[in-house]
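1. Starting from these lines, generate the structure:
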Amino acid sequence: MQGVLTGFTVIATVIAVGYVIGRRGYLGQDGRAVLTRLAFNVATPALLFTMLAGADLSVVLSQRLLVTAMATAATAGVFVVVARLFLHWEAGRVTIGALCSSYVNAGNLGIPIAVYVLGDASLVAPVLLLQQILVTPLALTVLDLSRPGEPVSVVRRLTTPLRNPMAIGSLAGVAVAASGWTLPGPLLEPLVLIGNMSVPAVLLAFGISLRGGERPGRGEDRGTLYLSAVLKTVAQPVVAWAAGAGLFGLRGEALLDVVVIAALPAAQNLFTYASHYRVAERFARESILLSTLLSVPVLITVAALLGR
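-> You can find the predicted model right below:
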């Protein structure tokens with residue numbers, strides 16, 4: 001329980017600093033945009049590369065990854081059906097909404113919670129690999145192709161993931177890990193240093209965006225917003241528990257691990273994606289904020305019921 005509170009305290013503190021920066025105008029009118037571009041184009045690709053380059057790719061075949069994939073697909077699928085078929089949202093907004101309903105904050109919140117609650121930071125590796133190898137390139141491809149403008153050629157459609165900084169960083173990291181090559185220090189350390197800017201930049205930009213914003217849930221998308229937050233913080237851990245215990249026979253710490261990871265809130269970098277593509281920015285900001293608030297009691301409950 002203390003680990004949950006510690007992780008959220010760290011995140012909340014940095015976001016609060018961003019809010020103060022926005023209120024004081026320390027970074028000027030374009031401060032949030034600059035931080036967003038820095039995170040999207042430079043820092044986060046470097047972070048993903050260094051993280052995945054040293055990852056153990058054997059986790060891709062683990063039962064925990066399959067449980068995570070099933071929970072992610074289930075909650076994202078429900079949102080897509082509701083938003084696309086019933087509300088007739090366009091592809092970009094549906095993509096952001098589906099991400100907010102299923103994409104867990106495995107990096108800046110998942111790692112400290114994995115350390116303090118689960119006792120092992122590497123337990124977030126399966127969801128990190130799933131999200132960065134599959135979910136992120138797929139989602140960013142959809143966002144790229146759904147941008148307004150001239151019709152997109154077949155060649156451009158096929159090569160879209162290869163031109164996205166986030167996808168490039170992820171795929172390059174996986175390639176290095178698969179090759180077994182260890183990067184020399186003079187090459188790795190600058191990338192690590194640059195990558196370390198990613199989480200603070202994302203959280204500060206998110207905090208700046210809260211300045212002058214209305215209380216979440218007051219817009220016309222109120223019902224869909226609540227659906228997204230509930231899918232992320234309640235439905236996803238329930239699906240993970242059902243799949244882990246019922247289909248794969250996970251028990252004890254193994255079951256606790258997958259349920260805790262699934263119960264993490266939506267990642268703040270989803271707001272970076274929304275801002276970069278200028279689609280559903282308010283929805284992303286409010287959904288992330290709501291899921292973060294809701295996940296605190298959910299994570300505490302999960303830890304109490306399943307083990308720690």
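
2. Now Ala266, what are its backbone angles?
-> phi -60, psi 140 (degrees, to the nearest 10).

3. Okay, now the unreliable bits of the stretch 101-250 of the chain?
-> In the predicted model of the stretch 101-250 of the chain, residues 107-108, 111-112, 115-116, 119-122, 149-162, 212-219 satisfy pLDDT under 70.

4. Quick one: the helices in it, in order.
-> If you assign secondary structure with DSSP state H, counting those that start in this stretch, the helices in the stretch 101-250 of the chain sit at 110-113, 125-130, 136-145, 154-159, 165-179, 185-195, 198-209, 222-230, 236-242.

5. mind checking which of those helices is nearest Arg23?
-> Taking Cβ to Cβ, helix 198-209 is the member of the helices of the stretch 101-250 of the chain nearest to Arg23, at 8.8 Å. For every residue, glycine as well, the C-beta is placed using N, CA and C.

6. residues in contact with that closest one?
-> For helix 198-209, contacts defined as Cβ atoms under 8 Å, 6 or more residues apart in numbering pick out 11, 14-22, 27, 31-32, 35-36, 38-39, 43-44, 46-47, 107-108, 268-269, 271-272, 275, 281, 285, 288.

7. coming back round to it: for the helices of the stretch 101-250 of the chain, which one sits closest to Ile261?
-> Nearest to Ile261, of all the helices of the stretch 101-250 of the chain, is helix 125-130, at 5.4 Å by Cβ to Cβ.

8. ok, now how distant is the residue nearest the centre of the chain from Gly110?
-> Centrality entry for the chain: nearest residue to the mean C-alpha point is Ala267, 3.4 Å, by Cα atoms, centre = their mean. Using Cβ to Cβ, to the nearest Å, Ala267 is found at 9 Å from Gly110.

9. which residues do these two both contact?
-> Val104.

10. hmm, back to that, out of the helices of the stretch 101-250 of the chain, nearest to Leu65?
-> It's helix 125-130; of the helices of the stretch 101-250 of the chain, that one is closest to Leu65 (Cβ to Cβ) at 4.0 Å.

11. Show me what that closest one packs onto, helices and strands only.
-> For helix 125-130, the packing partners by 3 or more Cβ pairs under 8 Å, 6 or more residues apart in numbering; DSSP states H and E come out as helix 44-53, helix 63-80.

12. would TSV of the helices of the stretch 101-250 of the chain with mean neighbour count be doable?
-> Compiled in TSV, those are given as follows (neighbours: other Cβ atoms under 10 Å):
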stretch	mean neighbour count
helix 110-113	23
helix 125-130	25
helix 136-145	19
helix 154-159	10
helix 165-179	19
helix 185-195	13
helix 198-209	25
helix 222-230	20
helix 236-242	23
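
13. Would you reformat those as a markdown table and include distance to Gly97?
-> Formatted as a markdown table, the helices of the stretch 101-250 of the chain follow (distance: least, Cβ to Cβ, whole Å):
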| stretch | distance to Gly97 |
| --- | --- |
| helix 110-113 | 21 |
| helix 125-130 | 19 |
| helix 136-145 | 11 |
| helix 154-159 | 22 |
| helix 165-179 | 19 |
| helix 185-195 | 28 |
| helix 198-209 | 17 |
| helix 222-230 | 6 |
| helix 236-242 | 14 |
